[in-house]
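Engineer: Everything below, folded, please.
(2 chains)
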Amino acid sequence: MKPWESGSPWRVVAVPVAVALGAVGAIAARRAQIPMALGALAGATAALLGVFALPSLSTRRVVVVLLGLGGLGALRHASFVASDTSLLLVCWALATLVALLLVDRTGAEEVQPLPRGTPLAGRTGEIARLAVATTVMVAVAVVALGPTLTDHLGRHVWPGLDPSTGDQVNAPSSLMATNSLDMTQQPRLSDRVVFAVDAPRASFWRGEVFDVWNGHAWSRSGPDPAALAHDGDTSQLFPATDDIGATEGQTMRQTFHFESGYSNIVFAAPSPVSVETDREVDERYDGTLSVGDAFGSGAAYTVTSRSVLATAATLRAADAQPDPSSVLERFAQPPQTTPRVRALARSVTASAPTTYDKILALEAWLGAHVRYSITAPVAPKGVDVVDDFLFRSRLGWCEQVASSLVVMARSVGIPARLATGFVPGSRDPLTGQFIVRERDAHAWTEIYFPGVGWQQFDPTASVPLAGDATSGGSWLQAARHHAIEFGLLALALVVAVIGAPDALGWLRRRRARRRAGWAAHGLARLERAGRRAGRARAPAETPREYAAALAAHLDDARLRAVGDALDADGFSRTGLSASARAAADAVLSSL
Amino acid sequence: MSGPGELTLTSIVLFTLGAYGIAAGAASGEQSVVAVGVFAFALFVLGIIWPIVMLSGVTVEAWAPADATVGEHHDVHVRLHGRVARVELRLLDPVGPWWVTASPADGVITRVAARRGVFSTIRIELRTSAPLGVFVRVRTLRVALRTELSVAPRPVATEAFSSANAPRLHELPLDGSLSAAPNTGPGDSVRAVRPYLPGDSARLVHWPTSARRGTLVVREHEPPVVVGVALVVDLDGTADEAELIASRAAGLGRATLAAGGAVWCCTCEAGRPISARVVDQRELGRRLARAGAGPVGTPPPGWPVVAVHA
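Structural biologist: Next comes the predicted model:
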C-alpha cells in the first residue's frame, strides 16, 4: 500500500522521517548561518516529498535511503559546525530510531496474517516499548564506547583548511595577534562559533597579555617572540621565572578545534607548558603563543597547561613573601594615568589588609559604580580612557573594566597586567566540549601573588577564579562516572519495558481468577441451596437462568439479583463491587 | 537446519553512518559526531543480534491430514512455541506465501500439494527482521508431522475400464469378498428392438424381426459393463514419466471404482512388489502415493490387466 492511499500505515512513517530530516536541515542551516527554522522546514519538506512523491519506488527503500542520506548530511555538517548541535543530533538519532522501527513494523504488516494465528501487538505500544528498550541499550553502548573511541581515535593535531585572504579580512580582532590593543575601538561580538575546546574543566582561554598602558592603548614590553624548537608536532615552552604556575601547578590538557577561518593566536589556559601543532610556534616572554601560519577552519591543536589552584586563603597568605624585583619592575610601576585615578585606588584599598583584599575591594567598587555596556561610547581622543571611564561615562565593556582594575592595582603597587582571550563558553551537555563564540571574547586582569604566580580576576562579571572552577562534565562523562547506577537503571528500564506486558497480563489473570473465584464459590452455594430445596441445576442452565428458576421455585425474588451478580462478576471486565458481593453473600447465607 | 539470513539496505546505511561518524568525529574532535557514529554502530549490532536471539527460541509443531492429492488444497496446522513479538513463516515444498504472526501461536496454512509421495516431515521457513530491519534472520526447520501425509497423484480424467469380453465381477476368482458385486447383465448383448430411425446404422437392423413385422426395426444393446481391473503400475522411467503413469493409474482406478468396479493394484512400494486389492479411492491414493520404481506385483489370475507404464 502506498503512503498516499487512504489508511496506509506508511503515512505514520513519514512523521519521524520528517523530524529526522528536519533536524538535519537545522544543523545544516546552523552551519550556513541561516535561520534554523528554515533549514528544519526544508528538511522536513524534502522528507515528505521523498515519502509521498516517489510512486515508482518502494517506500521502505525510499525511507531508508532518506534516513541514510540525512544521517550522512547531519554528521558532515555537525563535524564542521563545532557548536551546540548535540541536541539536534540526539533529535535526529531518536527520530531515525523510531522511523526504522516503524518501517520494519509496517513492512511486516504488509504480510498476510497467519490464519487463526496470534495477531501482532498494537503498533503504538510495540514501537514505544522497542524504542525505549533500544534507546537504553544503545545509550549504554554510546556511554561506554564514545569517549573511549574519541580518546583513542581523536586527532589532537590537525592542519585544517588554509585561511584565505577573505578569512583574514573577516576575522574578528580577538583572533588576530597584535602588539597594541586600542581601547577606542568597539569589538565585534556575534554568535558565530570560534572554536570548541576539549578540556576537563573550564578556564579562561588566554590569547595575549599586555603590560604597558599609555592612557588609551595597551602594548607589551619585553623582547620579540622567539620561535620554539619542536620535536615532531610537540614544542616545549620555556616559562618565565615569575610564572610559578607553569612549573608547580596542576596539569590540564586541552584540544582546540577551530571553526573560525583565521586565527594566528594560540589560545590556551594559563600557563601553557607545551603545545602540539603542525605550525611553527612563537613564544612571548609572558608565556603567550602565536603562529606565523594562521589556523584555518578545521584546524586542531593541543596545549598542556599548568596552573596553581589557588584559594582565597592561599592568596591572602601570599603577602608574607616579597614580590620578585623583576615582577615589580615590569608590572608594578605606576601607570600613566591621572592623579584622581591613583587617589581613587588608594582610597578604595586603604582599609584592605592584603593584596587579595585590595583586589576584591577594587572589584567591589567597580561593581558598584560602573555599568557594563558593549555599546558604550568610546572615550574622546586625547583623553585618558581609564579616567574617562571611572569618572565620566562609567559605562564600558570588559576592556575598560579590566584596564581600570590593572591601572588602579598598579597605582597601589600591585603587579598586574591585562589579559585577553575568551571566557570558557557554553558547555555542550552531550559531549562536554566548551563551545566558544565571538561574543565570548573577553579581557580580564592578572594579578601576581608571590609564591602562587599569576592569577586571573574578572572584574566584569562574577566569573570565579580559575582555580575554583568546577570540573563539571558532559552527560556521557557523568554517566561513566556513575556507571553502576547507570547500568542498573538501564537494566531496570529494559526489564520493565520488556516485561511490562507479561506483568500486566499476570495482574489481569490474577484479577480474573479472583473474580472467578467468588463467582464460582457463590454458584456452588446457590447449587447447594437448590439441591436442598429439590431443584438441582440443569447442566445447560447459566447461573442467571438457574437463579431465576430457583427464585420461582422458592418464591424468593432476591435470588434473581444473586444470579445477576454471579454473571456480572464472572464475565464483566471490571468485576463486581465489594458491596454488591456482600449483598449477594447475605442472600445466599439466608437460604 | 537453518540458514544465516541476510543483511538489508538498512544495515548498509547504519554501518556507513557508524563508520563515517566515528571517522569524522575522531578527525574533527566532535564527540557528538563520534557518539552518533557509535549510536549507528550499536543499532547495526543490535539489529543483527536481536532477531538471531529471538528466532533461536522458536520451535514449531505441525500436523496435516493423512491424505492429500497433488494439485489439491489441504491444510497444515502449525503451532509456534517461544515468545517472539513478530515472526513470519512459510511452507516450503512448494514454496508458499509468507504469513506473519506473534508467537506463541496456533495457525492453519492452506497449501497445494505439489508432489506425490508419503511425507513424514515438512519444511517450514521462519524469518524475522524485528525490530530494526537490519538483518533478516532466516531459519529453515524440518518439522516432523504427527501423522504421515500421503499425497496421491493427480488423477487423469479417463473412463472406467470396461470390456465385453472381460469376466464379470462375480466370476472373478477372488477370495469371496466380491459377493456383493452387482450382476450388470451380459455386456453388449441385445436388450430390445425399436423402430428404425433415420441415421441408424444399417448394421443394427434386425432383419428377422423386420421381416416378421414388415417394417424396419433395429437392435438396442445393453450399455458397456464395468468390471474389475488389475492395474499394473510400472513407474520405471523419468520422474516426469513416473508421475504421468501414476496419474493415469489414479484416473483409471478412480473411474473404475466410481463406476462400481473393483480395482486390483500391482505396484512396487518401498522396493518390494505389492499386489493387493484396493477398496476405495483413499486406499488407491495411498497405494499410489507409496509406489515407486522397481519390480511390481503380479496381478491375480483371471483379472483383466491394464498395464500402465511409460
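Engineer: Only C-alpha atoms from now on, for both contacts and neighbour counts.
Structural biologist: Will do.
Engineer: From residue B:21, how far off is the closest residue to residue B:18 other than its chain neighbours?
Structural biologist: Leaving aside its sequence neighbours, residue B:18 sits nearest to residue B:37 (C-alpha to C-alpha, 6 or more residues apart in numbering or on different chains; 3.9 Å). In this view, residue B:37 and residue B:21 are 4 Å apart by C-alpha to C-alpha, to the nearest Å.
Engineer: Residue A:8 too?
Structural biologist: From residue A:8 to residue B:21 the distance is 34 Å (C-alpha to C-alpha).
Engineer: now do residue A:311
Structural biologist: Counting by C-alpha to C-alpha - residue A:311 and residue B:21 are separated by 42 Å.
Engineer: Looking at those two, which is more packed in?
Structural biologist: Neighbours per residue (other C-alpha atoms under 10 Å in any protein chain shown) separate residue A:311 from residue B:21, with residue B:21 holding more: 31 against 13.
Engineer: In chain B, where's the longest helix?
Structural biologist: Taking DSSP state H as the criterion, chain B has its longest helix at helix B:31-56.
Engineer: low pLDDT regions in the chain?
Structural biologist: By default, I'm working from chain A. A:1-4, A:79-84, A:147, A:150-151, A:153-155, A:430-431, A:461-486, A:498, A:512-516 (pLDDT under 70).
Engineer: Chain B was what I was after
Structural biologist: Within chain B, the ranges that satisfy pLDDT under 70 run B:1-3, B:27-30, B:160-189, B:222-226.
Engineer: Closest residue of the stretch 201-310 of chain B to chain A?
Structural biologist: residue B:282 (27.7 Å; C-alpha to the nearest C-alpha).
Engineer: For the stretch 101-250 of chain B, which residues are neighbours of chain A?
Structural biologist: By the rule C-alpha under 8 Å from any C-alpha of the partner chain, the part of the stretch 101-250 of chain B lying against chain A is B:101-109, B:129-133.
Engineer: Can you lay out the residues you listed as CSV showing distance to residue B:48, neighbour count and secondary structure?
Structural biologist: Below are these laid out as CSV (distance: C-alpha to C-alpha, whole Å; neighbours: other C-alpha atoms under 10 Å in any protein chain shown; DSSP: H, G, I helix; E, B strand; the rest coil):
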residue, distance to residue B:48, neighbour count, secondary structure
B:101, 20, 28, strand
B:102, 19, 21, strand
B:103, 20, 22, strand
B:104, 22, 19, strand
B:105, 24, 19, strand
B:106, 27, 20, strand
B:107, 27, 20, strand
B:108, 30, 18, strand
B:109, 29, 21, strand
B:129, 8, 29, coil
B:130, 9, 26, coil
B:131, 10, 25, coil
B:132, 9, 28, coil
B:133, 9, 26, coil
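Engineer: got the domain boundaries for the chain?
Structural biologist: All of this refers to chain A. For chain A, the structural domains run A:1-111, A:165-470, A:501-590, going by automatic domain parsing.
Engineer: oops, I was thinking of chain B
Structural biologist: Split by automatic domain parsing, chain B gives B:7-55, B:57-152, B:169-178+B:225-308, B:191-221.
Engineer: Highest mean neighbour count out of those?
Structural biologist: domain B:7-55 (a mean of 24; mean count of other C-alpha atoms under 10 Å in any protein chain shown).
Engineer: still on that earlier bit, compare the domains of chain A and give me the one nearest residue B:265.
Structural biologist: Among these, the nearest to residue B:265 by C-alpha to C-alpha is domain A:1-111 (45.2 Å).
Engineer: and that closest one with chain B, contact?
Structural biologist: Yes - Domain A:1-111 lies within reach of chain B by C-alpha under 8 Å from any C-alpha, at A:61, A:64-65, A:68, A:71-72, A:75-76, A:78-80, A:82, A:86, A:89-90, A:93, A:97, A:100-101, A:103-105, A:108-109, A:111.
Engineer: Are any of those buried, and if so which?
Structural biologist: Buried members of the residues of domain A:1-111 next to chain B, counted by 16 or more other C-alpha atoms under 10 Å in any protein chain shown: A:64-65, A:68, A:71-72, A:75-76, A:78-80, A:82, A:86, A:89-90, A:93, A:97, A:100-101, A:103-105, A:108-109.
Engineer: Just want the most central residue of chain A.
Structural biologist: Against the mean C-alpha coordinate of chain A, by C-alpha atoms, centre = their mean, the closest residue is residue A:429 at 1.6 Å.
Engineer: so when I look at it, I'm seeing a strand, right?
Structural biologist: No - per DSSP: H, G, I helix; E, B strand; the rest coil, residue A:429 lies outside any strand segment and is coil.
Engineer: and the gap between it and residue A:86?
Structural biologist: Counting by C-alpha to C-alpha, the gap from residue A:429 to residue A:86 is 8 Å.
Engineer: so the residue of the stretch 201-310 of chain B closest to chain A sits right up against residue B:67, yeah?
Structural biologist: Yes - using C-alpha atoms under 8 Å, residue B:282 is in contact with residue B:67, at 7.5 Å.
Engineer: tell me which residues form a beta bridge with residue A:212?
Structural biologist: residue A:219 (DSSP bridges).
Engineer: burial measure for it, as a count.
Structural biologist: Other residues close to residue A:212 by other C-alpha under 10 Å number 19.
Engineer: What are the boundaries of the helices in the stretch 51-200 of chain A?
Structural biologist: Listed in chain order, the helices of the stretch 51-200 of chain A (DSSP state H, counting those that start in this stretch) span A:59-81, A:86-109, A:123-153, A:165-170.
Engineer: closest one to residue A:346 among these?
Structural biologist: Shortest distance between residue A:346 and those, using C-alpha to C-alpha, is found for helix A:165-170: 42.9 Å.
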